[in-house]
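Colleague: Got a sequence here, can you model it:
(one chain, ligands or ions: 1)
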Amino acid sequence: MMLWVGTSWKMNGTRAFARDYARALAGLDVASLGDIQPFIIPSFTAIDVAASELEGTRILVGAQNAAWEDAGAWTGEVSIPQAIDAGATLIEMGHSERREYFGETDETVNLKIKAALRHGAIPLVCFGEPAEVFEAGETLPFITAQINAALDGIADTSRVLLAYEPIWAIGEHGRPPRREDLVRTFAALAERYGDRVEAILYGGSVNHDNNKDILGIPGVGGLFIGRSAWTAEGYIRNLELAAEAVRE
Ligand SMILES: O=C[C@H](O)COP(=O)(O)O
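Modeller: Next up, the predicted model:
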C-alpha cells in the first residue's frame with residue numbers, strides 16, 4: 001500500500017527557501033523510499049520554483065487553497081487551472097486555519113473538490129474537530145458530518161485524499177494525539193470511507209518520535225506534516241521514518 005507523506009509550509013518561505021528545499025529533495029533517492037508518495041505544499045508564490053526543481057522526480061507539489069471557479073472577477077483568489085499552470089498537481093482545502101480565519105465551509109470544500117477533479121488535480125481535504133467536541137466524545141459524528149458534506153454529490157471520490165487533523169493537535173499550541181484515540185477514529189474512518197477514497201492521512205503534531213507509531217495504526221494512509229517538516233532535513237527524516245514503517 002502506498003503511504004502519502006507530505007508537508008504544508010503554511011505561510012512560510014521565500015522563493016529562495018523553496019529552491020533550496022526542493023533541491024535537497026530532488027537529490028534524494030526516492031526509489032529507496034519504496035511505497036511512499038511524497039508531496040510538498042508551498043505558498044502560491046513558490047509553487048513554480050519548487051515544481052521546476054522537482055521536475056522529473058516523483059515528488060508532487062501542491063497548493064494550499066484554490067478557488068472553485070475557473071476564472072473571472074474573484075479578486076485575490078487563485079483558480080485551480082492557475083495553480084496547475086504554476087506546477088501544482090494537488091490542491092489542499094478545508095484546513096482548519098482556513099475554516100477559522102477565511103470562511104471555508106463544507107460547502108466551499110465540496111465545490112473545490114468538484115473543481116479539482118474536473119481539472120485532474122488531486123484534492124487533499126482536511127477535516128477535524130475542535131477540543132470541546134473531542135472532550136465531549138463527539139468526534140465521530142462531527143467529522144463524518146464534515147466529510148459527508150464535503151463529498152456530497154460526487155460520484156467518484158477515488159482520487160480524493162482525506163486528512164484528519166484534530167484542531168487541538170495542530171500547531172505550536174497543539175498536543176500530540178494519544179494512540180488509542182487515533183486507533184478508534186481511524187477504525188471508523190477506514191470502515192466508512194476507506195474504499196471510497198485514495199487514502200486517509202493523519203495530521204497534527206506529527207514529529208520524528210511519533211511518525212512510525214502513527215503510520216502503524218490500521219487505516220492511516222499517510223501523514224500530513226507541518227512544523228517537523230519545515231526544513232528539508234526535517235521532512236527527509238520524516239520520509240525515511242515512513243519508509244522504515246512500511247518495511248517493518
Ligand atoms: O498542515 C499541517 C497541519 O496543520 C499540521 O501542523 P503541525 O504538524 O505543525 O501540527
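
Colleague: Residue numbers of this protein in contact with the ligand?
Modeller: 8, 165, 170-171, 174, 203-206, 224-227 (C-beta under 6 Å from any ligand atom). Heads up, the C-betas are built off the backbone N, CA and C, glycines and all.

Colleague: And these, which is closest to the ligand?
Modeller: residue 226 (2.4 Å; C-beta to the nearest ligand atom).

Colleague: Regarding the spatially most central residue of the chain, what is its secondary structure?
Modeller: In the chain, the centroid-proximal residue (C-alpha atoms, centre = their mean) is residue 224; its distance is 4.7 Å. In three-state terms, and counting by DSSP: H, G, I helix; E, B strand; the rest coil, residue 224 is strand.

Colleague: Show me the beta-bridge partners of it.
Modeller: residue 6, residue 203 (DSSP bridges).

Colleague: Check it and give its pLDDT.
Modeller: You'll see residue 224 listed with a pLDDT of 98.

Colleague: how near is the residue located most distally from the centre of the chain to residue 79?
Modeller: For the chain, the residue at maximal distance from the C-alpha centroid (C-alpha atoms, centre = their mean) is residue 73, at 28.3 Å. Distance, residue 73 to residue 79, using C-beta to C-beta, to the nearest Å: 12 Å.

Colleague: So what touches stretch 234-248?
Modeller: Residues outside stretch 234-248 that contact it (C-beta atoms under 8 Å, 6 or more residues apart in numbering) are 3, 5, 7, 21, 24-25, 28, 32-36, 38, 40, 206, 208, 211-212, 215-216, 222-223, 225, 228-229.

Colleague: send the alpha carbons of it over as CSV?
Modeller: C-alpha atoms of stretch 234-248 as CSV (Å, rounded to 0.1, in the frame of the first residue of the first chain):
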residue,chain,number,x,y,z
GLY,A,234,13.2,17.6,8.9
TYR,A,235,11.0,16.5,6.0
ILE,A,236,13.5,14.0,4.7
ARG,A,237,13.8,12.4,8.1
ASN,A,238,10.0,12.1,8.2
LEU,A,239,10.2,10.3,4.8
GLU,A,240,12.9,8.0,6.0
LEU,A,241,11.0,7.1,9.1
ALA,A,242,7.9,6.4,7.0
ALA,A,243,9.9,4.2,4.7
GLU,A,244,11.1,2.2,7.7
ALA,A,245,7.5,1.9,8.9
VAL,A,246,6.5,0.4,5.6
ARG,A,247,9.3,-2.1,5.7
GLU,A,248,8.7,-3.2,9.3
